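S.K.: Here's a sequence, model it:
(chains A and B)
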Amino acid sequence: MTTPLILTERMTANRDDSHTIARYEATGGYEALRRGLGMTPAEVAATVKASNIRGRGGAGFPTGVKWGFLPEATRPRYLVINADESEPGTFKDRQLLERDPHQLVEGIILSAYALDVHHAFVYVRGEYPRPGRRVQRAVDEAYEKGYLGKDILGSGYDLEVTVHLGAGAYICGEETALLNSLEGRRGEPRIKPPFPAVEGLYAKPTIVNNVETVSNVPWMIRNGGDAYAHIGPETSAGTRMFSLSGHVVRPGNYEVVMGMTWRQFIYDIGGGIRNGRQLKCWIPGGASAPWFVPTQHLDLPVTIDDTGRNGSMLGSGAVVVMDETTNVVAAAHRVVKFFAHESCGQCTPCREGCDWLERILWRMLNGAGRPSDLDLLLDVCDNISPGLRWPPAQTTICPLGPSAVSPIRSIMTHFRDDVEAMVPGIVATSLEGVSVG
Amino acid sequence: MTVRSVDNVLAGWSAANRERATRLLASYPHRRSAVMPLLYLASMEHGHVTDEAMRQVAGLTGLTSAQVQSVASFYTMFKRNRVGTYLVSVCTSISCFLLGADEVLEAVEDAAGAHDGETSTDGLFTVEHVECLGACGGAPAVQVNYELVEGVEPDRAVGLCNWLRTSRPAVVLGDEMQSLFGGQRSFDWGPAENEGAVAPVPAFGPYGTVGREAR
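M.R.: Here you go, the predicted structure:
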């Protein structure tokens, strides 16, 4: 189930030095670069497109299609690697950055060559100094070896790479906020369109790709895009890093082929629930995703499309498992509190709404909930994300606000009794005018 | 606002940090992009992001100090007030919460003698709760000067604070803290490294904030 390994093979086989350039080169590293530089940029781009890989940052957009949005004529173009991993539950990129940074650097050089980019950036979240150090060292070593800089390996192709640390702002994982941050501004998302491919960093065409996405590129060049496309289900090609956390026996990162069921993932791979307890619910794709419950979702296949069709998303690949002892209102409060803290403050529905949601849940948790709070919660949610649909509508520039609605919709849909139990003296309320789920 | 020369603006800075500032400014196509790295450098020079620090960064990047302040105030890791020798950050987001992070935070507050968001009277500790640190597989997670420890139970968190108080490490090493006070990790970290933080600023080569300990 976990074969073939693409991203984690080297670090699994070489525990002590997978991050060093010596080990990287001794295990086939930078061979793909030599091969790629012998191809035309268009051929490298075609290989990535043929792989059918979908972006691993959260949105799941086909990478080859995204690359195709760059306008023909405008130069310079930029490539920005999103290493601002901060969706609660997600820690996969941290492992890729720390344990195999040269795999990413080689992927960056190949991708930049394909895109005719001559300056690439790696935006690493500020709370990841160790991953940042590892990538910076890999970049320095690549310069020394002639894999970066002027006339790379005699090809005539030039590339500079700058590693940039963030400073503690989840919203900078949103690509346009990231670009603003990289320009030395507040990390506030931009209105789209224009999309970054047309007008990105310094208003120039820019591709923003996730660490995991780009780390796959060397393998694609060595083995062919078609070989990648043939791994796993047709619309969820390739292997995928999942971060498993919460009340499971074996938390951790797992590189798996998509298509297994949630039951297999949580019980066979994750070892089931700690202390012999029962599964209550799980978040299938990071804090922004609506929750799944065993009675409805345990035997669904773990694919991008099956998860989307069933009212949630695979997102960043973060699976957070909660057992039967979990107070779901407290858990939802913690997720909402995150979004309230991380709202950039540009859009009123998100800035005010997330804060309201957080406060209402807080007073429910502290015995001061009011019977009207259930309606109020849904009303505020409806103002942030009208209709409470999936995928969510939004009244805001970016999806952060609607993300705070997910946990509330989840507990109101699946755990209504738990929510009502938090409010003293509640009588069965009717929720007029607001539909859930 | 005009851009002024590094030596002119940073007369009081160490030669090494003046040189770092010059290099950081040169590593971006536009000077403005160096605002965040320069704010980290300024934190090292001034202890935290002071008004003077923001004026200096403005002078280097061609921004107004109000623009620099708008950036500095947006990001939680730019500290505009004095920070203790050891910044202890306890993750209280969902995965850590599920595994007892609130109890860890309480234990840290007690052991450090500082409430969440405050600095102990002896100036040794600043305690804060933080949002997700990307260490969910090793919950509950704590950072000291942004160096990570995973699987920290409340009693181990107390031990960590007491150890910091008595041994006063000049370089905070993640592997050392992990071996003494950590537990479950998100993944195998691989071999221990001898690099870590010398201040409550991320330890990163271009900022000159990486400390090394001989092994």
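
S.K.: what are the phi and psi values for the closest residue to A:Ile266 other than its chain neighbours?
M.R.: Nearest non-adjacent residue to A:Ile266, counting by C-beta to C-beta, 6 or more residues apart in numbering or on different chains: A:Val321, 6.1 Å away. No exception for glycine: its C-beta is placed from N, CA and C like everyone else's. Main-chain torsions, A:Val321, degrees, to the nearest 10: phi -100, psi 130.

S.K.: and A:Val321, how many neighbours?
M.R.: 26 (other C-beta atoms under 10 Å in any protein chain shown).

S.K.: is the helix or strand encompassing A:Leu104 anywhere near chain B?
M.R.: Secondary structure assigned from DSSP states H and E places A:Leu104 in helix A:101-115. No: using C-beta under 8 Å from any C-beta of the partner chain, helix A:101-115 stays clear of chain B, with a minimum separation of 11.7 Å.

S.K.: Downstream of that helix, the next helix or strand is which one?
M.R.: Counting by DSSP H and E, the element after helix A:101-115 in chain order, helix or strand, is strand A:119-124.

S.K.: Rounded mean pLDDT for whichever helix or strand comes after that following strand, please.
M.R.: Downstream of strand A:119-124, the first helix or strand assigned by DSSP H and E is helix A:129-144. For helix A:129-144, the mean per-residue pLDDT is 98.

S.K.: For B:Ala203, which residues are in contact?
M.R.: A:Pro129, A:Arg133, B:Asn145, B:Tyr146, B:Glu147, B:Glu195, B:Gly196, B:Ala197, B:Thr209, B:Val210, B:Gly211 (C-beta atoms under 8 Å, 6 or more residues apart in numbering or on different chains).

S.K.: For the closest residue to it other than its chain neighbours, give the beta-bridge partners.
M.R.: Sequence neighbours aside, B:Ala197 is the residue nearest to B:Ala203 in space, at 4.1 Å (criterion: C-beta to C-beta, 6+ apart). Residues in a beta bridge with B:Ala197, per DSSP bridges, are B:Val172, B:Val210.

S.K.: Out of the contacts of B:Ala203, which is nearest to A:Asp417?
M.R.: When these are compared for distance to A:Asp417 (C-beta to C-beta), B:Tyr146 wins out at 42.1 Å.

S.K.: Pretty sure that closest one sits against A:Gly126.
M.R.: Yes: applying C-beta atoms under 8 Å, one finds B:Tyr146 in contact with A:Gly126, separated by 7.4 Å.

S.K.: more neighbours, these two?
M.R.: B:Tyr146 (29 against 25).

S.K.: ok, for the more buried one, nearest residue in space, not its chain neighbours?
M.R.: In space, B:Tyr146 is closest to B:Pro202, 4.8 Å off (C-beta to C-beta, 6+ apart).

S.K.: Identify the residues contacting the one you found.
M.R.: Contacts for B:Pro202 (C-beta under 8 Å, 6+ apart) come out as A:Gly126, A:Glu127, A:Pro129, A:Gly132, A:Leu165, B:Tyr40, B:Met77, B:Tyr146, B:Thr209.

S.K.: ok, so what distance separates the fourth one from chain B?
M.R.: With distances defined as C-beta to the nearest C-beta, to the nearest Å, the gap from A:Gly132 to chain B amounts to 5 Å.

S.K.: What's the local residue count around B:Arg55?
M.R.: B:Arg55: 16 neighbours (other C-beta under 10 Å).

S.K.: Ok, A:Tyr228 next?
M.R.: 23.

S.K.: B:Val9 now?
M.R.: B:Val9, neighbours per other C-beta under 10 Å, totals 19.

S.K.: how much space between it and chain A?
M.R.: Taken as C-beta to the nearest C-beta, the span from B:Val9 to chain A is 16 Å.

S.K.: can I assume that residue is in contact with B:Gln56?
M.R.: Yes: judged on C-beta under 8 Å, B:Val9 makes contact with B:Gln56 at a distance of 5.3 Å.

S.K.: hmm, back to that, now for B:Tyr146 and A:Gly126: what residues contact both?
M.R.: Jointly contacting B:Tyr146 and A:Gly126 under the rule C-beta under 8 Å, 6+ apart are B:Met77, B:Pro202.

S.K.: who touches residue 48 in this structure?
M.R.: Just so you know, I chose chain A. By C-beta under 8 Å, 6+ apart, the contact set of A:Val48 is A:Thr63, A:Gly64, A:Trp67, A:Ser111, A:Ala114, A:Val217, A:Met220, A:Gly225.

S.K.: that's the wrong chain, I wanted chain B
M.R.: B:Lys79, B:Arg80, B:Asn81, B:Arg82, B:Val83.

S.K.: Not counting sequence-adjacent ones, nearest residue to it?
M.R.: Counting by C-beta to C-beta, 6+ apart, the residue nearest B:His48 is B:Lys79, at 4.6 Å.

S.K.: can you tell me how far that neighbour sits from B:Glu128?
M.R.: 10 Å (C-beta to C-beta, to the nearest Å).

S.K.: shared neighbours of those two, which are they?
M.R.: B:Leu87.

S.K.: which phi and psi does B:Leu41 have?
M.R.: Torsion angles, degrees, to the nearest 10, at B:Leu41: phi -60, psi -40.

S.K.: Spit out the contact partners of it.
M.R.: Going by C-beta under 8 Å, 6+ apart, B:Leu41 touches B:Asn17, B:Arg20, B:Ala21, B:Leu24, B:Tyr207, B:Gly208.

S.K.: Now find how far off-centre the host helix or strand of the first one is within its chain.
M.R.: What that stands for is B:Asn17. According to DSSP H and E, B:Asn17 maps onto helix B:15-26. How far helix B:15-26 lies from its chain's middle: 20 Å, per C-alpha atoms, centre = their mean, to the nearest Å.

S.K.: so what does it touch, helix or strand wise?
M.R.: helix B:6-9, helix B:35-46, helix B:51-61 (3 or more C-beta pairs under 8 Å, 6 or more residues apart in numbering or on different chains; DSSP states H and E).

S.K.: In a markdown table: these, plus mean pLDDT and distance to A:Tyr254.
M.R.: Listed next are the helices and strands packed on helix B:15-26 as a markdown table, based on pLDDT from 0 to 100; distance: least, C-beta to C-beta, whole Å:
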| stretch | mean pLDDT | distance to A:Tyr254 |
| --- | --- | --- |
| helix B:6-9 | 87 | 48 |
| helix B:35-46 | 97 | 33 |
| helix B:51-61 | 96 | 43 |
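
S.K.: Which parts of the chain belong to which domain?
M.R.: Chain wasn't specified; assuming chain A. A:9-229, A:239-323, A:328-420 (automatic domain parsing).

S.K.: um, chain B though
M.R.: According to automatic domain parsing, the domains of chain B span B:6-72, B:86-202.

S.K.: pLDDT below threshold where in chain A?
M.R.: A:1-4, A:426-437 (pLDDT under 70).

S.K.: Go through chain A and flag its longest helix.
M.R.: helix A:348-365 (DSSP state H).

S.K.: which helices and strands sit right next to the longest strand seen in chain A?
M.R.: Longest strand in chain A by number of residues, with DSSP state E as the criterion: strand A:239-246. Contact partners of strand A:239-246 among helices and strands, from 3+ C-beta pairs under 8 Å, 6+ apart: helix A:92-99, strand A:252-257, strand A:318-323, helix B:94-98.

S.K.: What is the third one packed up against?
M.R.: With contacts defined as 3+ C-beta pairs under 8 Å, 6+ apart, the secondary structure elements packing on strand A:318-323 are strand A:239-246, strand A:279-283, helix B:94-98.
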